[in-house]
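J.: Have a look at this fold, sequence not included:
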Ligand code: C5P
């Protein structure tokens, strides 16, 4: 496969076409953003770390029967993915109360949530990713009722697998965001990336954040936690 034209630049990744219309080329950038892109910073080594963690997690999910868009590695920062029609919906799964769930609902931080909380957001930087419920999504045609059921089911399966894996690495999976896309046949596949940019991860022993909260809160060098996550995952996979 050869790399073609730049299709778009996201907040932490670039996507290129390839000579195969069914395959896209992703390049991870050394960039971190917060507040939907309003705060942006270059962080050396972050692209490599996110790419390595994401590739490792996609491979792990594939081995555990969860279909996704990941096809293979090109280099330390580049990978190939299946070209999908991405749904404009972010699916957030929460095992413990944190972040906006605490600030919006007056919740006690880090309480365990039962049932596991699932939320949908409309993907729009301009609108700050507003919350959407099922009927709003279906009425506007962003996804069908059947697709929403799949998003909920797949997210719970992914949560189970990732929670088990991180547990082995002495890491607690607090919450995470997923994106999905449609294949040409209309199947729903997990897409985007799986990295500490999109999930809250806490060291079970120390309680330290090993994710992007370190960047959001300016509490240190994010790559330290990301590196820790990668090293521990490599030890348990
Ligand atoms: O900010 P909030 O508490 O809603 O975030 C929940 C989870 O979803 C966090 O792990 C966060 O990193 C992730 N998220 C994301 N992209 C967004 C919003 C949230 O990756 N646009």
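T.: Okay, I see it. Computed from a predicted structure; not experimentally measured. Numbers count the residues shown, from 1 in each chain.
J.: show me what contacts the spatially closest residue to residue 232 that is not a sequence neighbour?
T.: Sequence neighbours aside, residue 169 is the residue nearest to residue 232 in space, at 3.8 Å (criterion: CB to CB, 6 or more residues apart in numbering). (Glycine included, C-beta is placed from N, CA and C.) Taking CB atoms under 8 Å, 6 or more residues apart in numbering, we find residue 169 in contact with 229, 232, 233, 235, 236.
J.: can you rerun that using 6 Å?
T.: By CB atoms under 6 Å, 6 or more residues apart in numbering, the contact list for residue 169 reads 232, 233, 236.
J.: May I see the buried residues of stretch 39-58?
T.: Buried positions in stretch 39-58, judged by neighbour count with 16 or more other CB atoms under 10 Å: 43, 46-58.
J.: From the chain's centroid, how far away is it?
T.: Remark: stretch 39-58 is offset 11 Å from the chain centroid, using CA atoms, centre = their mean, to the nearest Å.
J.: Over to stretch 58-74?
T.: Mean-position distance between stretch 58-74 and its chain equals 14 Å (CA atoms, centre = their mean).
J.: How about stretch 2-17?
T.: 18 Å.
J.: same deal with stretch 215-226?
T.: Taking CA atoms, centre = their mean, one finds the center of stretch 215-226 at 17 Å from the center of the full chain.
J.: tell me which residues in it are buried?
T.: Buried, per 16+ other CB under 10 Å, within stretch 215-226: 215, 216, 222, 223, 225, 226.
J.: what does this structure have sitting close to the ligand?
T.: 90, 92, 98-101, 129, 175-177, 198-200, 212 (CB under 6 Å from any ligand atom).
J.: ok, so of the residues you listed, who is nearest the ligand?
T.: Taking CB to the nearest ligand atom as the measure, residue 99 is the one of the residues of the chain next to the ligand closest to the ligand, at 2.2 Å.
J.: Out of the buried residues of stretch 215-226, flag the one nearest to residue 66.
T.: Of all the buried residues of stretch 215-226, residue 66 sits closest to residue 226, with 22.6 Å by CB to CB.
J.: circling back to that earlier point, now which of the contacts of residue 169 would you call buried?
T.: Among the contacts of residue 169, those buried by neighbour count (16+ other CB under 10 Å) are 232, 233.
J.: Let's have the contacts of residue 169 in a markdown table, adding pLDDT and secondary structure.
T.: Output for the contacts of residue 169, formatted as a markdown table (pLDDT from 0 to 100; DSSP: H, G, I helix; E, B strand; the rest coil):
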| residue | pLDDT | secondary structure |
| --- | --- | --- |
| 232 | 98 | helix |
| 233 | 98 | helix |
| 236 | 98 | helix |
